[in-house]
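1. Test case, fold it:
(one chain, ligands or ions: 1)
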Amino acid sequence: MNADLSRLPSMTVLLKAAESFNGLRTESRVVVTESLRIVMDALRAEAAAGSCDTRIESILARARAHIQSRGATRLVRVINATGIVLHTGLGRSVLADAAVQRVTAAATGYCNLEIDLDTGKRGQRGAFAEQILCRLTGAEAALIVNNNAAATMLVLHGIAKGREVIVSRGQLIEIGGSYRLPEVMSAGGAILREVGTTNKTHLADYERAMSGATAMLMHVHTSNYRVVGFAENPTVPELVELAHRHHVTMFDDLGSGALLDDELWKLANEPTAAQSLRSGSDVVAFSGDKLLGGPQAGILLGKKSVIEQLRRDPMTRALRIGKLTAAALEATLELYQSPDEATRRIPTLAALAEAADSLTARAARLADALKKRLPTESFTVRRDESFAGGGSLPAWAMPTAVVEWRHAGNASLDDLAHRLRMGQPAVLPRIADDAMLFDARTIDDNEIDELADAVKTAAVGGE
Ligand SMILES: *Cc1c(COP(=O)(O)O)cnc(C)c1O
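-> This is a model prediction of the structure:
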């Protein structure tokens, strides 16, 4: 028998030792036992192949690493230091406090999701949020579904199934891999009729493609890229005029969903839902968790006849939102009734609107907290640029302030970033020009101490 194999400690001994081992002590016995079994199987294989490390501490450390790596997919809180406000990987918008409270109330008890409390009769899910949306944007009707991909698919299915939808070749977007317009089009049962070229599409191109098979003109806001230079596309009002002259539906996929006309969106040159509706679009679609700053949802606004036709489509039932989404969206939209309040209390808007001096002040506070904990490390505050992210405002580089960390020890940037991601709470920094940056725009004031602690743990960890 192999010497190492006979030296391996027993499960009883390991479980006893795990009770006082950092990182295993707090895990449940079931989880610890399972990870020890997996590590012991690996050790037996290693022993059979030659030799293995049979020390109790190293076996326990391997079990801890196993639990940690498996836990990396469990949903945990993340401190977003990337500066990307709408980070799809980090769940896009952070909800306003008012929305969180409404979600908690809806989650912890029953709620009137589909009951009209006045009449006691069956009500309509999302009806209140739909009313606010109509009031805010001037839309005749609204319909809320699971996300903007669902909203778009529903419009294609409900209005254009088996018929043609005309789209400019400059607007055949892909959003984060799994969403590609030509594929969404066929999944919705509509026939894509591409016109024009990547950089130039003329109104006449649309006009020539019109036939008895045409159901709809679709305008897609190129939310995550810009075609600049020798480029041209008809405007929404021009497309509306053409669509209506030919008695077909005009659909505007706005994507990022800036809701109201606002200084911020003017600055960012971002079309709003209110504007597209005023231009005469029959139906517009956008996400709830991008520039709107609410929960994941797809919002459809438009003419009553069009929205009611969509509401009757059997697909709508499969795309409907849950009560938690309805609660969060309602509360977020209520904040929009006062534009100042919206900008102050909806975290996405507040982050996008935050002024440079306030960002610099936060970066300075973070640098102080870091220097206090790690006096031998280098932390400098400097100006930088950040982007909205989440497939929004790609051309809008916002001036921001970052803390730049240059590590005094031997660990590589990748190692440090890995330690930060695996910490509690997890931290995602921005890495640029061989330095680690913490961008003040996406760090909350009350995360500064936690973030500094996490950096300290990462800096000393393993050295
Ligand atoms: C983001 C986006 C989508 C997809 O929206 P989800 O809410 O992520 O489903 C579709 N179209 C455009 C133009 C977008 O910007």
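
2. A432 bridge partners, please.
-> A435 (DSSP bridges).

3. And the pLDDT for it?
-> The predicted local distance difference test score for A432 is 90.

4. Then G177?
-> Note on G177: pLDDT of 68.

5. same question, G462
-> The pLDDT attached to G462 in the predicted structure is 55.

6. And for I173?
-> pLDDT recorded at I173 is 89.

7. Domain map for this structure?
-> The record, using automatic domain parsing to delimit domains, assigns the chain the ranges 2-71, 78-90+352-460, 97-345.

8. who wins for proximity to the ligand among the ones you listed?
-> Closest of the domains of the chain to the ligand is domain 97-345, at 2.3 Å (criterion: Cβ to the nearest ligand atom). To be clear about C-beta, it is placed using only N, CA and C from the backbone, and glycine gets the same treatment.

9. sorry, back to before: which one of the domains of the chain has the poorest average confidence?
-> Looking over the domains of the chain, mean pLDDT reaches its minimum on domain 2-71, with a mean of 91.

10. and the end-to-end length of it?
-> For domain 2-71, the separation between the terminal residues is 34 Å (Cα to Cα, to the nearest Å).

11. Mind putting the domains of the chain into a markdown table with distance to the ligand and mean neighbour count?
-> Compiled in a markdown table, these are given as follows (distance: least, Cβ to the nearest ligand atom, whole Å; neighbours: other Cβ atoms under 10 Å):
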| stretch | distance to the ligand | mean neighbour count |
| --- | --- | --- |
| domain 2-71 | 27 | 15 |
| domain 78-90+352-460 | 5 | 18 |
| domain 97-345 | 2 | 19 |
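
12. any idea how far N112 is from G288?
-> Distance, N112 to G288, using Cβ to Cβ, to the nearest Å: 21 Å.

13. ok, now Q296?
-> Going from Q296 to G288 by Cβ to Cβ gives 6 Å.

14. List the residues that are in contact with both of these two.
-> Contact criterion Cβ atoms under 8 Å, 6 or more residues apart in numbering; residues bridging Q296 and G288 by contacting each: N147, T325.

15. contacting residues for D434?
-> With contacts taken as Cβ under 8 Å, 6+ apart, D434 has the following neighbours: L413.

16. can you list the residues that contact stretch 398-416?
-> Residues from elsewhere that reach stretch 398-416 (Cβ under 8 Å, 6+ apart): 83, 352, 356, 359-360, 362-363, 366-367, 370, 376-388, 419, 429-431, 434-441, 455, 458-459, 462-463.

17. got the contact list for G391?
-> Under the criterion of Cβ under 8 Å, 6+ apart, the neighbours of G391 are L86, T88, I175, G176, S223, N224, G255, S256, K290.

18. that's a helix at T316, yeah?
-> Yes: assessed by DSSP: H, G, I helix; E, B strand; the rest coil, T316 belongs to a helix.

19. what's the closest non-adjacent residue to T197?
-> Closest residue in space to T197, ignoring its immediate chain neighbours: R169 at 5.6 Å, by Cβ to Cβ, 6 or more residues apart in numbering.

20. looking at it, the one you found is touching H202, isn't it?
-> No: R169 lies out of contact with H202 (Cβ atoms under 8 Å); the separation is 11.8 Å.

21. Need the residues touching each of these two.
-> Both R169 and H202 are in contact with G196, where contact means Cβ under 8 Å, 6+ apart.

22. so how far is stretch 239-251 from its chain's centroid?
-> Distance of stretch 239-251 from the chain centroid (Cα atoms, centre = their mean, to the nearest Å) equals 33 Å.

23. Repeat that for stretch 287-298.
-> Centre to centre, stretch against its chain (Cα atoms, centre = their mean), the figure for stretch 287-298 is 9 Å.

24. can you pull the alpha-carbon coordinates of it into PDB?
-> As requested, C-alpha coordinates have been extracted for stretch 287-298 and formatted as PDB (Å, rounded to 0.1, in the frame of the first residue of the first chain):
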ATOM      1  CA  SER A 287     -36.300  48.100 -20.500                       C
ATOM      2  CA  GLY A 288     -37.300  48.800 -16.900                       C
ATOM      3  CA  ASP A 289     -33.900  48.300 -15.500                       C
ATOM      4  CA  LYS A 290     -31.700  50.500 -17.700                       C
ATOM      5  CA  LEU A 291     -32.000  54.300 -17.700                       C
ATOM      6  CA  LEU A 292     -35.400  54.100 -16.000                       C
ATOM      7  CA  GLY A 293     -33.700  52.800 -12.900                       C
ATOM      8  CA  GLY A 294     -36.300  50.200 -11.900                       C
ATOM      9  CA  PRO A 295     -36.600  46.400 -11.900                       C
ATOM     10  CA  GLN A 296     -36.100  44.100 -14.900                       C
ATOM     11  CA  ALA A 297     -39.200  44.700 -17.000                       C
ATOM     12  CA  GLY A 298     -40.200  45.400 -20.600                       C
END
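
25. All further residue positions should be reported with the first residue as 526.
-> Got it, the first residue is 526 from now on, which makes the last one we talked about stretch 812-823.

26. excluding its backbone neighbours, what's nearest the residue at minimal distance from the centre of the chain?
-> Compute the mean C-alpha point of the chain, and by Cα atoms, centre = their mean the closest residue is R617, 2.4 Å away. Sequence neighbours aside, D814 is the residue nearest to R617 in space, at 4.2 Å (criterion: Cβ to Cβ, 6+ apart).

27. Now do the contacts for the closest residue to F546 other than its chain neighbours.
-> Once flanking residues are discounted, F546 sits nearest to L585: 4.7 Å by Cβ to Cβ, 6+ apart. Residues in contact with L585, defined by Cβ under 8 Å, 6+ apart, are L539, A542, A543, F546, L549.

28. The residue nearest to the centre of the chain looks like it's in a strand, true?
-> No: when three-state DSSP is applied, R617 is found to be coil, with no strand at that position.

29. isn't it right next to K815, touching?
-> Yes: using Cβ under 8 Å, R617 is in contact with K815, at 6.4 Å.

30. Overlap in contacts, the two.
-> With the criterion set as Cβ under 8 Å, 6+ apart, the overlap between the contacts of R617 and K815 is L611, G915.

31. that older thread, so which of the contacts of L585 comes closest to M735?
-> Here the nearest of those to M735, counting by Cβ to Cβ, is L549; it sits at 68.5 Å.

32. for the closest one, helix, strand, or coil?
-> Each residue gets one of three states, and L549 gets coil by three-state DSSP.

33. Go ahead and confirm it touches R589.
-> Yes: A contact is recorded between L549 and R589 when judged using Cβ under 8 Å, the distance being 5.5 Å.

34. For the residue nearest to T722, list the residues it contacts.
-> Residues counted as contacts of R694 (Cβ under 8 Å, 6+ apart) are E719, V720, G721, T722, T723, T726.

35. residue contacts, the second one?
-> Listed by Cβ under 8 Å, 6+ apart, the contact partners of V720 are I691, V692, S693, R694, T726, D730, Y731, R733, A734.

36. Dump these to JSON lines, plus secondary structure.
-> What follows is the contacts of V720, written out as JSON lines (three-state DSSP):
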{"residue": "I691", "secondary structure": "strand"}
{"residue": "V692", "secondary structure": "strand"}
{"residue": "S693", "secondary structure": "strand"}
{"residue": "R694", "secondary structure": "helix"}
{"residue": "T726", "secondary structure": "coil"}
{"residue": "D730", "secondary structure": "helix"}
{"residue": "Y731", "secondary structure": "helix"}
{"residue": "R733", "secondary structure": "helix"}
{"residue": "A734", "secondary structure": "helix"}
